[in-house]
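S.K.: Next one to model:
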Amino acid sequence: MTIIASTLGDAIRFIFEARESRAGTVEVGGLGEIGHLAGNHLLVSVTAVLIAIAIAMPLSLWLGHIGRGQFIAGSVANIGRAVPSLAIIAFFVAFLGSGFTNVCFALILLAIPPILTNTYVGVRQVDRELVDAARGQGTAGQVGAALVVAVLTLAIDAGFAGVQRLVTPKGLKVARGGRRSTRPWPLSPRRVQIP
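M.R.: This is a model prediction of the structure:
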């Protein structure tokens, strides 16, 4: 138990305090380095996923729409599951280096199979009668109206949340301890004594 507590304590200190490396050449750890590495990680991950979506989603939407390509979607998914993620990343790092572009390319290859397969399956599982009804009503008008309703709903929800924060008395926020109440009314039915 002492070893676990010691290791956990060292890990927490590593996050918050920078120190010299064991070789004594550079400083490692600390919020500055952790933040920098986390930012790089998020940048390469988001870039890879967005590129994979731009590649796989139009193709799988088209294949699902025309009702063909089940073999392609299934094969890509099986290949994606058969090859270990770490093996692809290790291959690219070993032969091409560990630069942003190489790591991003490896992550794109890992992201394409699930995006392709899931989008294809999602499109194919839409009831054909619903598709025919939407075409009969004007598909572009329906999508446009749905987008407007979605944006309007999110904006109204955000507005009501802001108004709720503004009108909630500060004392009530402190009394609740910052927790959200599961009841519709934040006050309990008993009397609240003010100190």
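
S.K.: only C-alpha atoms for contact and neighbour calcs from this point on.
M.R.: Fine.

S.K.: what pLDDT does Val151 get?
M.R.: If you check Val151, the pLDDT there is 93.

S.K.: Does it belong to a helix, a strand or coil?
M.R.: Following DSSP: H, G, I helix; E, B strand; the rest coil, the label given to Val151 is helix.

S.K.: Report how many residues lie close to it.
M.R.: Val151 is flanked by 11 other residues according to other CA atoms under 10 Å.

S.K.: For it, give its distance to Ile53.
M.R.: Going from Val151 to Ile53 by CA to CA, to the nearest Å gives 22 Å.

S.K.: Could you pull out the buried residues of the helix ranked longest in the chain?
M.R.: The single longest helix within the chain, with elements called by DSSP state H, is helix 30-66. If you call a residue buried by 16 or more other CA atoms under 10 Å, then helix 30-66 has these buried ones: 30, 33-34, 44-45, 47-49, 51-53, 56-57, 59-61, 63-64.

S.K.: again, but for stretch 80-91
M.R.: Gly80, Ile88, Ile89.

S.K.: Check the offset of that stretch from the chain's centre.
M.R.: From the chain centre to the centre of stretch 80-91 is a distance of 21 Å (CA atoms, centre = their mean, to the nearest Å).

S.K.: Now do it: everything it contacts.
M.R.: For stretch 80-91, the external contacting residues (CA atoms under 8 Å, 6 or more residues apart in numbering) are Val103, Ala106, Leu107, Leu110, Pro113, Pro114.

S.K.: Among those, name the ones in helices.
M.R.: Among the contacts of stretch 80-91, the members falling in helices (DSSP H) are Val103, Ala106, Leu107, Leu110, Pro113, Pro114.

S.K.: what pLDDT does the second one get?
M.R.: Here the pLDDT value assigned to Ala106 is 86.

S.K.: can you pull the contacts of it?
M.R.: Ile88, Ile89, Phe92.

S.K.: From these, pick the one nearest Asp157.
M.R.: The closest of those to Asp157 turns out to be Ile89 (CA to CA; 41.6 Å).

S.K.: centroid residue for the protein?
M.R.: By CA atoms, centre = their mean, the chain has its centre lying nearest to Val46, at 8.7 Å.

S.K.: that older thread, summarise which helices and strands the longest helix of the chain is packed against.
M.R.: With contacts defined as 3 or more CA pairs under 8 Å, 6 or more residues apart in numbering; DSSP states H and E, helix 30-66 has these neighbours: helix 2-16, helix 70-82, helix 100-124.

S.K.: From the recorded domain assignment, give the ranges for the protein.
M.R.: Domains of the chain are assigned by automatic domain parsing as 32-129, 140-170.

S.K.: Now tabulate these in CSV and tack on distance to Ile12.
M.R.: Formatted as CSV, the domains of the chain follow (distance: least, CA to CA, whole Å):
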stretch, distance to Ile12
domain 32-129, 12
domain 140-170, 34
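
S.K.: Name the spans of this protein whose pLDDT lies under the cut-off.
M.R.: 174-195 (pLDDT under 70).
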